[in-house]
Structure formats: structure tokens, C-alpha cells
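>>> 3D model of this:
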Amino acid sequence: MDIITGNSKVLRSINRGMILNIIREMEPISRTGIAKLTGLNKSTVSSIIFELLNSDLISERVSDGQSVGRTPLNLYLKLNKHYVGGINIDSSVTRFVVADIDGSVKGTSSIDTEPENAVEFVNSCIHELMRLGETLNVGRLEALGVSVAGIVDSKNMMVNFAPNLDWEDFNIGEVIRTALPQVENIAVGNDAKSSALAELWFGNHEIDLNNFVFLSIGPGIGSGIVVDGKLMTGEYQASGEFGHMIIYEGGAPCRCGGNGCWEAYASDRATVSRYMQKKHGTIDHTIDFMIQDIISLAKSGDDLAVEVLKQTGYYLGLGIANIIKAVDPHAIIVDGRTTQAWDIIYPEIMAVVMQRAYFGTKKNIKILPTSMKNSPRLMGAAALAIEQIFDGYKITD
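Okay, here's the model as predicted:
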């Protein structure tokens, strides 16, 4: 852990954020435990804890099982006090969540995505989120996170390029701030990167997740890279765009305008396209709807559906092998509807990975479906909002 000490307001704010995150990750924990973990002196820790208690971000309770000596007080996040909102804008469905600051979900809803008029649609999204909050009797949102499939400049809250939405250089942050001037903490991020953050914070895999790659398989392919417990963004916010690495030079056309991209072979769109070509049909429903049909057919023993999903597993394996060689993570976490057919695609993935990724060196890189029960992309949006509170520490009265 990087420990930062000092007396300036900036360093004190950083230490507050660090202590708040420690409580989130390790509750229940005492002041003494925090001091030992951070190396900060006890008076600094006590002073910051006092501020957090006064802000109603944390609470303290008497430790159980203490019979001799002074009874220690343990610290916990204070729940049912500060709520956040999350919006995940996907190509076909946009989902909404209101959550507590520990990531526990209070309620969700969804609407069809209608991206043609971006400003109008984002305003509709905000209206739906506010409606959801009112239904849940949540009077105020302390923060809002929005996750979008595409290249997102999180610093300036710009959607630089979202091919599945046909958005380019869209200042989504300006639209949100105009509609919600009362919400100070706003964050916008790529859906796969925010999903990786959600997996890191809220996932329950019994493995070390300090170094992993999160793959989001949908109409496109996105990814988030976590190294030493921190999410990588890249110089231009475009790290982890593995969906557009070339696996076949001059291959199938991709929606990005290139040819032979991994996404053009392993995404849900590619899976549906292969199935329909073999059936001599056309894509006449949403990709989400049709991939679900193919999975259902495969589970019922349909040979063509099984064959197509096995091909998807093979193509996923090609890309994952490249990621392993490039990043050398401890684990690859996969999200998407195709994980419902994990028994079909996983053996195909592993066959390719074992052949292409390790160069004869024995490794133990886990390839696992996401552990999250709620949509990682939606929980990623909530995680972006919670991160604003924990790192930015901008709770206002």
C-alpha cells in the first residue's frame, strides 16, 4: 500500500480517502488497526475518523467477545444514509441502479436504448433514474456514475467513440451536469473498465484479484486491466481495447472500420452472424435477444447452436492467449451472456490457451466467469459513483 503523509489539506484529503477505503475493504477494523496498517500516527487517524463520523460516512460499535481490559470500538461504513445512482448505457438496453455506498443494491430498472438523439436520450436516462430514486424513497443521490460501451475520456467526461451507439465526441458530462446541478460527484467511464472496478470491489472469487483482466463480451468486446489493485486507464483513456486487436489480417470487417478484429469473431454479434449465415437467415431482432436464443438452443441439444458456440470459444481463446502473453495476469474474468454456456465454450477457450499462451511454461492463470449476481456493467457504474465519494471525499451537507 502507498502511504502518503503530510500536513497539507491535499495530503490530508488523500489520507481520508485511504482510511475510508480501508474501512470499506476490511470492516470491522479499529483505529489501532488502521494506524498499524497505514503507518500514520494515532492522532492523525483519530482526527480523520472524527471527521468521517461527523459526516455520517462511518459508524462505530463495541467489539464483540472482549472481556478483559478496555473494550475497543470497531469502525464500519454507515449504511442507509448516502446513496449513489448508476446508469449503464448499452446498445440495446440501458439499465439503472440505486445503491448504498457498500455496493448493496436498493433497486434497478431499465429502458430501451434510443441513441439517435444523444442529448435527448441522456436526459431521458436521468429522468428514469430520478423516478427510480423516488420509488425507493431515496431523496438525494450523493454521486452518479455512468458506464458506456466505447472509448471514454473519464477526465473530461467525453464519449470519444462508441460505435454501437453511433456516438462520437459527445460531451455527456455537460448534459448530465446541466440536468443535475445538485449532484456534485459525477463520473463517466468505459463499461468494461468500470466492470473491472466492480469485480475488484464487489466480486467474491476466492483468489487474489490484485492482477487480472476483465473481459466484457456483448455486441462488442471490452476489457479492463487491474494491476496491483489499480485500474489502468492509459495515456488517452484507451487501455485494454483488446476487442480491436487484429487476429486475422484482412479478415472479417469490424464496426470500427478495420478488418480482422477480435470483436468481429468473438463478440455476441459475431456469434449471431455465424449462426444466421448457417441458417441462411438475417438478424431481425436485437443481438441480446438472439444470442439468448442460441444459448437456449445449445442447452437443449441443438447441434448447430453448439457448433457455433464452440467456434466462439475458439475465437475467445485466440484473443485471451494474446492477452495472457501481453499482460501476464493472475486471472481472466469473463462476463457476458455466453458465460451461460460456459460448459460449452470454456473447454474450447482452454484448448487454444494451453496451445498458444504459455510457450511450454507451466502457469496457473485462472479463466473464470464473473462472480457478480447483478450486471457487472451496471455495478461498474455504481462503483464509479462510489469511487467519487471514497477518493474525492466530496460529501456535502
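
>>> Quick one: name whatever helix or strand follows the helix ranked longest in the chain.
Among the segments of the chain that qualify as a helix by DSSP state H, the longest is helix 303-327. Later in the chain than helix 303-327, the nearest helix or strand by DSSP states H and E is strand 331-335.

>>> Export the next helix-or-strand element following that following strand to PDB, keeping only CA atoms.
Using DSSP H and E, the helix or strand that follows strand 331-335 in sequence is helix 342-356. Extracted in PDB, the C-alpha atoms of helix 342-356 (Å, rounded to 0.1, in the frame of the first residue of the first chain):
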ATOM      1  CA  TRP A 342     -19.600 -21.900 -20.000                       C
ATOM      2  CA  ASP A 343     -19.600 -25.700 -20.200                       C
ATOM      3  CA  ILE A 344     -19.500 -25.400 -24.000                       C
ATOM      4  CA  ILE A 345     -17.100 -22.500 -24.500                       C
ATOM      5  CA  TYR A 346     -14.700 -23.000 -21.700                       C
ATOM      6  CA  PRO A 347     -13.100 -26.200 -23.000                       C
ATOM      7  CA  GLU A 348     -12.600 -24.500 -26.400                       C
ATOM      8  CA  ILE A 349     -11.000 -21.500 -24.800                       C
ATOM      9  CA  MET A 350      -8.600 -23.600 -22.700                       C
ATOM     10  CA  ALA A 351      -7.600 -25.800 -25.600                       C
ATOM     11  CA  VAL A 352      -6.400 -22.700 -27.500                       C
ATOM     12  CA  VAL A 353      -4.800 -21.100 -24.500                       C
ATOM     13  CA  MET A 354      -2.900 -24.100 -23.500                       C
ATOM     14  CA  GLN A 355      -1.500 -24.400 -27.000                       C
ATOM     15  CA  ARG A 356      -0.700 -20.700 -27.700                       C
END
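
>>> Give me the packing partners of the next helix or strand after helix 342-356, helices and strands only.
Following helix 342-356 in sequence order, the next helix or strand is strand 366-369 (DSSP H and E). Judged by 3 or more CB pairs under 8 Å, 6 or more residues apart in numbering; DSSP states H and E, strand 366-369 is in contact with strand 331-335, helix 342-356. No exception for glycine: its C-beta is placed from N, CA and C like everyone else's.

>>> can you give me the angle the longest helix of the chain makes with helix 342-356?
If you take axes from the mean of the first three to the mean of the last three CA atoms, to 10 degrees, helix 303-327 sits at 40 degrees to helix 342-356.

>>> avg pLDDT for helix 303-327?
Averaging pLDDT along helix 303-327 gives 96.

>>> when you compare where it runs with where strand 331-335 runs, what's the angle?
Using the same axes, to 10 degrees: helix 303-327 against strand 331-335 is 140 degrees.

>>> How far does helix 303-327 sit from its chain's centre?
Taking CA atoms, centre = their mean, to the nearest Å, one finds the center of helix 303-327 at 22 Å from the center of the full chain.

>>> which of the residues in it are buried?
Within helix 303-327, the residues scored as buried using 16 or more other CB atoms under 10 Å are 305-306, 308-324, 327.

>>> If anything else comes up later, I'll come back, but that's it for now.
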